[in-house]
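[1] can't give you the sequence, but here's the structure:
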């Protein structure tokens, strides 16, 4: 009988110790699960196309602009103007943003704002231009691409209810200046020079336009 009581007591002690250990394990804080490495599963950020990077390097900066306006039905005697332009990279360097202001005999308070980007599918630059002389406020800027050392853009639109084509030619790239020539006419075979704008690096701004590079296709 004593042996049975002793064994029963030993068994109860073992069960009691086991219960205490289980209780301690359940009260212990759970080990935190290991976190995935930083950035794991995150969407890869896009990068600027080489064509966009080149344009940003060539055109970014603070500029003084000098306008020469050629005679036209709207301005039979032509005219001149002066102003400023600030051209900066857009988010991630994947676009180019221009803020333009000038005063001339054609418009004493002209303000324009444009955004341009590279379209890899069609291998052209595209953009949108807004100013205070555009009836709709903003117009697509058409398409622009390199033609040798010149950057050439074309835009189809209307003027006084008639078809009007505008061509922009960026040329004469130098470390501290470049030139934009605007031609207008009813079609590509009948374009006339409408304006020439010379961009010159503003005083105190380091030159980056061109950086001694020749544009390449």
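    Arrived safely, thanks for sending. Note that the structure is predicted; figures quoted are calculated from it, not measured. Numbering: from 1, shown residues only.
[2] and residue 145, how many neighbours?
    A count of nearby residues for residue 145, using other CB atoms under 10 Å, gives 17. C-beta here means a position set from N, CA and C on the backbone, and glycine is covered the same way.
[3] helix, strand, or coil at it?
    Under DSSP: H, G, I helix; E, B strand; the rest coil, the three-state class of residue 145 is strand.
[4] contact partners for the closest residue to residue 185 other than its chain neighbours?
    Leaving out its chain neighbours, the residue that sits closest to residue 185 by CB to CB, 6 or more residues apart in numbering is residue 191, at 4.0 Å. Counting by CB atoms under 8 Å, 6 or more residues apart in numbering, residue 191 touches 165, 167, 183, 184, 185.
[5] just those residues: which are in strands?
    Judged by DSSP state E, the contacts of residue 191 include 165, 167, 183, 184, 185 as members of strands.
[6] just put these in JSON lines and tack on pLDDT.
    As requested, the ones in strands among the contacts of residue 191 are exported to JSON lines (pLDDT from 0 to 100):
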{"residue": "165", "pLDDT": "90"}
{"residue": "167", "pLDDT": "94"}
{"residue": "183", "pLDDT": "95"}
{"residue": "184", "pLDDT": "92"}
{"residue": "185", "pLDDT": "92"}
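[7] if we can go back for a sec, and the residue nearest to residue 185, how far from residue 52?
    28 Å (CB to CB, to the nearest Å).
[8] please name the nearest non-neighbouring residue to residue 129.
    Setting aside the residues directly before and after it, residue 129 is nearest to residue 114 in space (CB to CB, 6+ apart), at 4.2 Å.
[9] give me the three-state assignment for that neighbour.
    At residue 114 the chain is in strand, as set by three-state DSSP.
[10] and for the one 3 residues further on?
    The assignment at residue 117 comes out as strand when based on three-state DSSP.
[11] how many neighbours does the residue lying closest to it once chain neighbours are set aside have?
    Leaving aside its chain neighbours, residue 117 sits nearest to residue 95 (4.3 Å; criterion: CB to CB, 6+ apart). Around residue 95 sit 20 other residues, with neighbours defined as other CB under 10 Å.
[12] can you give me the strands for the chain?
    61-69, 79-89, 95-104, 110-119, 124-131, 138-147, 150-159, 162-174, 177-185, 192-201.
[13] partner strands of the first one and their direction?
    In the sheet containing strand 61-69, the strands it pairs with under DSSP bridges are strand 79-89 (antiparallel), strand 192-201 (antiparallel).
[14] any chance of the ones you listed in a markdown table, plus mean neighbour count, mean pLDDT and distance to residue 154?
    Listed next are the strands paired with strand 61-69 as a markdown table, based on neighbours: other CB atoms under 10 Å; pLDDT from 0 to 100; distance: least, CB to CB, whole Å:
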| stretch | mean neighbour count | mean pLDDT | distance to residue 154 |
| --- | --- | --- | --- |
| strand 79-89 | 16 | 97 | 21 |
| strand 192-201 | 18 | 96 | 14 |
